[in-house]
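Undergrad: The sequence and its predicted three-dimensional model are supplied below.
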Number of protein chains: 2
Amino acid sequence: MADKKLVEAITSMNEDFAQWYTDVVKKAELIDYSNVKGCMVIKPAGYAIWELIQRQLDDMFKATGVENVYMPMFIPESLLQKEKDHVEGFAPEVAWVTHGGLSPLQERMCVRPTSETLFCDFYQGDIHSYRDLPKVYNQWCSVVRWEKETRPFLRSREFLWQEGHTAHATAEEAEERTERMLNIYADFCEQVLAIPVVKGRKTDKEKFAGAEATYSIEALMHDGKALQSGTSHNFGDGFAKAFDIRYTDKDNTLKYVHQTSWGMSTRIIGAIIMVHGDDSGLVMPPKVAPTQVMIIPIQQRKEGVLEKAMALKDELSEFRVKVDDSDKSPGWKFSEQEMRGIPVRIEIGPKDIEAGKCVICRRDTGEKIEAELDGLKDKISVVLNNIQQDMLERAAKHLEEHTYQAADKEEFVRIFNQKTGFVKAMWCGERECEETIKEEMSVTSRCMPFHQEHIAETCVCCGKPAKKLVYWGKAY
Amino acid sequence: MADKKLVEAITSMNEDFAQWYTDVVKKAELIDYSNVKGCMVIKPAGYAIWELIQRQLDDMFKATGVENVYMPMFIPESLLQKEKDHVEGFAPEVAWVTHGGLSPLQERMCVRPTSETLFCDFYQGDIHSYRDLPKVYNQWCSVVRWEKETRPFLRSREFLWQEGHTAHATAEEAEERTERMLNIYADFCEQVLAIPVVKGRKTDKEKFAGAEATYSIEALMHDGKALQSGTSHNFGDGFAKAFDIRYTDKDNTLKYVHQTSWGMSTRIIGAIIMVHGDDSGLVMPPKVAPTQVMIIPIQQRKEGVLEKAMALKDELSEFRVKVDDSDKSPGWKFSEQEMRGIPVRIEIGPKDIEAGKCVICRRDTGEKIEAELDGLKDKISVVLNNIQQDMLERAAKHLEEHTYQAADKEEFVRIFNQKTGFVKAMWCGERECEETIKEEMSVTSRCMPFHQEHIAETCVCCGKPAKKLVYWGKAY
């Protein structure tokens, strides 16, 4: 009975996906709610995922010449106001600091919702000559946006992220960097998180406040809703003009720099949960699983069992491996390991030891594999690789099966009434059509994919000549 | 002429140590001032040091069972007020958030100056049974204290740090953890930063707001002033009582937990600068040097020189190595490498290449070593180890030579009038004497060292019977 308790406490994902999500983040001990409304406590099991994401993404950044820095967390109001679109986009949702110690501040400051203005202010003083370019800086920090509705990882008033901010001599170089970073995000999602994504450009309506062009990667969750999982912005010279960031070029003339910014946040942990999870809880891709292998001794009080479990742990030390030697029952331990999404479970009891064997159980498929203890390390390595690859393949199949296309409005409406997923459809390029579609169907343009197809002559909304293929979907 | 410019711009440390410090942090490009008063921009060269500190200290933490988490950056005013001493200590120097977006908050919140209250609030809900103990959590984050006087790294309104917060079943276990973390800080300073420290307990006057006991490590800067470089606090059950953090013990009774906290911040970068630096700039200990080896080609336009420099770089890839192939003169490059404190410079020109040799130059001593190109990797490894070790020895010698002892007040006053450094002297245990000494000589008790000596019968200030040996000094 007790063995089942942990699992029974989770709502089934088909019954209520939102409640299933909340149950998983709590039961897998990723977060806890805090007394600060809209802010969460990221617990060890959740933060360890973020650390693995950070480490691997940061390595990919640095391989392209990115350097890390740290800017102040406060932005004076006058600085935030320098770029018109930007302040309009962010001012309604920032937290304002008005007092330092016992005294009111001369000028109030907001807690950074993003740091374009701080980087611009810094670059203005730091960039003089073409020799100072490019600047390819990034910071890992937390940011604050005063959201009304919040959900763990997906939308919280404070969240952790990285924000890259670059300055370049030419427009071409800035565009190249913008797309390069988007590709890094896409590669990271596919190769490390086993999450396939659609890469594309945002429409003007959906682009970042102050950007010339915003690109995003869009992932499809298990419930068919989209999650914007990383963005990369090309600012052109808009911020440079607002902040007067100029450099002396080789020809001795003053020119404005061209800038980009790009970010990925703890939101991506929500994507891992909603792409891979199941009714037993979390399913972690091995590359970001804080624990990759959990060894669970069976009849652990019998002589030699715990010792053998510990010896296996040492043998498997190149993986992130643990032994559950608590006084809980094996069934309870299985449930916990499944809830936490640990990719591989090794069961080992007296009979196994006698036979020189153990049982390997895959979290993603539930498959049980009898394995020789000899050469177990190589076997585990193969199993983890297979899990990583199979998870990506399953997610890619889900994405493919839930991507539809609609040639006209009737078909568009019918699909969204019956299914959830991405719908590819043509668009005339007018904001009005996006607004109509959003109003009528709660569907937004996700992106104009880099890989453009031609599926109709006319806009799916107004029937006028079409300009672009757009991925549409309901989004988190 | 131009070659000297970089160096000439630095004030000599004997002439004006404070100005020398400011010159170094700017010229070595560690930080820049920002438009946000009292907050600094940590530039790539500075942040890379912090990343190396983080990585190595975090590994030492995790080896003792520490788990990382993330708490909100805001503390509601009512939460800050729960522990009496704590709120008195911090309320006068916090930044207050009063508005979220366009609306005033119902309750104002401060930006965390430290997170005891948040961890306590979390533990109150998370700890139920002895099975939930110990909790050994840590977070890497930034904190804000509204200081009036600020200096790069040493005192800024926002700074980066780690703060560990633990909860234990017994007082003994909490005390053990408090001292264990202090020892980790001391080991880290000596083994990684090449900075010897004095370990000891703070007097009640100097302890942390809300702590039962505070321990610190104290380092001696080149100018003879002390820098508190890491602290570890035992809270007993004071916070547990204020926040009602209780657990059911094995005997089925409710008991309060015992707590600790411990922190090290970007301040430690100030210690690296002030312990090791010289009139040519920064001198980095190899273990935290972002670049350990700078290869500087001589006559780099001559055929084969740059190619050889690049080949050497590949050969030395196990170190953090760079080639300076900019179009500056070798002399200028030497000055820059010295300013940045890069431990080893390799000079290689056409004649060296012909002879199968190069010149290795040690940053710490200026020593030039002619070396065969064959087996250079092993040679560099030896040189870096020697530098690390010699830097610690020199700093230890400086500490020893600038640690004095005084048996009575006359001697005490005479030493502080003539010298700068630590003075060991006996103390009666009364706060009044500490206050008198501070008032008369601007000297504070640094710590009561773990290694107690008996150098007199009576207090150096009042002449009453002495209880403790104290290290006294002028402090940053």
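TA: Ah, there it is. Every value quoted in this text rests on a predicted model; they were computed, and no experiment measured them.
Undergrad: got a pLDDT number for A:G421?
TA: We have a pLDDT of 97 for A:G421.
Undergrad: Show the contacting residues for it.
TA: A:220, A:224, A:401-404, A:473 (C-beta atoms under 8 Å, 6 or more residues apart in numbering or on different chains). In short, each C-beta sits where N, CA and C put it, glycine included.
Undergrad: Would you quantify the distance from the residue lying closest to it once chain neighbours are set aside to A:G89?
TA: Of all residues not flanking A:G421 in the chain, A:H402 sits nearest, at 3.1 Å (C-beta to C-beta, 6 or more residues apart in numbering or on different chains). Separation of A:H402 from A:G89 (C-beta to C-beta, to the nearest Å): 31 Å.
Undergrad: now swap in A:E173 and tell me
TA: 25 Å.
Undergrad: Check A:T458 too.
TA: In terms of C-beta to C-beta, A:T458 sits 32 Å off from A:G89.
Undergrad: now do A:I49
TA: A:I49 is 30 Å from A:G89, by C-beta to C-beta.
Undergrad: and the two? which has more neighbours close in?
TA: Neighbours per residue, other C-beta atoms under 10 Å in any protein chain shown: of A:I49 and A:G89, the larger number sits with A:I49, 26 against 17.
Undergrad: Which element, helix or strand, includes the more buried one?
TA: If you go by DSSP states H and E, A:I49 is part of helix A:44-62.
Undergrad: Quick check, central residue of chain A?
TA: Nearest to the geometric centre of chain A sits A:I268, at 1.9 Å (C-alpha atoms, centre = their mean).
Undergrad: Could you list every helix and strand that the helix holding A:I49 packs against?
TA: Using 3 or more C-beta pairs under 8 Å, 6 or more residues apart in numbering or on different chains; DSSP states H and E as the contact test, the elements touching helix A:44-62 are strand A:135-144, strand A:158-168, helix A:171-191, helix A:267-276, strand B:67-68.
Undergrad: ok, back up a step: who's in contact with the residue nearest to A:G421?
TA: A:220, A:224, A:419-422.
Undergrad: any idea of the pLDDT on it?
TA: Model confidence at A:H402, given as pLDDT, is 98.
Undergrad: Equivalent analysis for A:E318, please.
TA: 97.
Undergrad: now do the one 5 residues further on
TA: Each residue has a pLDDT score; the one for A:V323 is 98.
Undergrad: Unless I'm misreading it, it sits right up against A:M310, doesn't it?
TA: Yes - in this structure, A:V323 is within contact of A:M310 by C-beta atoms under 8 Å, at 6.1 Å.
Undergrad: distance of A:M441 from A:W472?
TA: Taking C-beta to C-beta, one finds A:M441 at 9 Å from A:W472.
Undergrad: higher neighbour count, the two?
TA: A:W472 (28 against 15).
Undergrad: Spell out which helix or strand contains that one, please.
TA: strand A:468-473.
Undergrad: Quick one: list the elements packing against that strand.
TA: strand A:213-220, strand A:422-427, strand A:444-449.
Undergrad: which outside residues touch that strand?
TA: A:198, A:200, A:203, A:218, A:220, A:224-226, A:403, A:412, A:421-427, A:429, A:437, A:443-449, A:452-455.
Undergrad: Any of the residues you listed buried? List them.
TA: Neighbour-count burial (16 or more other C-beta atoms under 10 Å in any protein chain shown) applied to the contacts of strand A:468-473 gives A:198, A:200, A:203, A:218, A:220, A:225-226, A:412, A:421-427, A:429, A:437, A:443-449.
Undergrad: show me what contacts the residue in the stretch 151-300 of chain A that chain B sits nearest to?
TA: Of the residues in the stretch 151-300 of chain A, the one nearest chain B is A:E158, at a distance of 5.8 Å by C-beta to the nearest C-beta. For A:E158, the contacting residues are A:38-39, A:142-144, B:72-74, by C-beta under 8 Å, 6+ apart.
Undergrad: One more pass at 6 Å, please.
TA: Taking C-beta atoms under 6 Å, 6 or more residues apart in numbering or on different chains as the contact definition, A:E158 lies against A:39, A:142, A:144, B:72-73.
Undergrad: so can I have a markdown table of those residues showing distance to A:R177 and neighbour count?
TA: Converted to a markdown table, those look like this (distance: C-beta to C-beta, whole Å; neighbours: other C-beta atoms under 10 Å in any protein chain shown):
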| residue | distance to A:R177 | neighbour count |
| --- | --- | --- |
| A:C39 | 33 | 22 |
| A:S142 | 24 | 19 |
| A:V144 | 27 | 26 |
| B:P72 | 33 | 26 |
| B:M73 | 30 | 26 |
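Undergrad: more crowded one of A:V323 and A:M310?
TA: Higher neighbour count among A:V323 and A:M310: A:V323, with 19 against 14, using other C-beta under 10 Å.
Undergrad: you'd agree the more buried one is up against A:A311?
TA: No - under the criterion of C-beta atoms under 6 Å, A:V323 makes no contact with A:A311, lying 10.0 Å away.
Undergrad: Find the helix or strand that the closest residue to A:A406 other than its chain neighbours is a member of.
TA: Closest residue to A:A406 apart from its sequence neighbours, by C-beta to C-beta, 6+ apart: A:F412 at 3.9 Å. Assigned by DSSP H and E, A:F412 belongs to helix A:409-418.
Undergrad: in the stretch 51-200 of chain A, which ranges drop under the pLDDT threshold?
TA: Along the stretch 51-200 of chain A, segments meeting pLDDT under 70 are nowhere present.
Undergrad: and the helix holding A:I49, how far from the chain's centre?
TA: Relative to the chain's own centre, helix A:44-62 is displaced by 11 Å; criterion: C-alpha atoms, centre = their mean, to the nearest Å.
Undergrad: Tell me the buried residues in it?
TA: So, applying 16+ other C-beta under 10 Å, buried residues of helix A:44-62: A:44-50, A:52-53, A:56-58, A:60-61.
Undergrad: CA-only coordinates of that helix in PDB, if you can.
TA: C-alpha atoms of helix A:44-62 as PDB (Å, rounded to 0.1, in the frame of the first residue of the first chain):
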ATOM      1  CA  PRO A  44      18.500  21.000  -4.400                       C
ATOM      2  CA  ALA A  45      16.900  18.700  -7.000                       C
ATOM      3  CA  GLY A  46      15.800  21.600  -9.100                       C
ATOM      4  CA  TYR A  47      18.900  23.700  -8.700                       C
ATOM      5  CA  ALA A  48      21.200  20.800  -9.600                       C
ATOM      6  CA  ILE A  49      19.400  20.700 -13.000                       C
ATOM      7  CA  TRP A  50      20.100  24.400 -13.500                       C
ATOM      8  CA  GLU A  51      23.700  23.900 -12.600                       C
ATOM      9  CA  LEU A  52      24.100  21.200 -15.300                       C
ATOM     10  CA  ILE A  53      22.300  23.400 -17.800                       C
ATOM     11  CA  GLN A  54      24.600  26.300 -16.900                       C
ATOM     12  CA  ARG A  55      27.800  24.400 -17.100                       C
ATOM     13  CA  GLN A  56      27.100  22.900 -20.500                       C
ATOM     14  CA  LEU A  57      25.500  26.000 -22.100                       C
ATOM     15  CA  ASP A  58      28.300  28.100 -20.700                       C
ATOM     16  CA  ASP A  59      30.900  25.800 -22.300                       C
ATOM     17  CA  MET A  60      29.100  26.100 -25.700                       C
ATOM     18  CA  PHE A  61      29.100  29.900 -25.300                       C
ATOM     19  CA  LYS A  62      32.800  30.200 -24.400                       C
END
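Undergrad: Before I go, just wanted to say thanks for your time.
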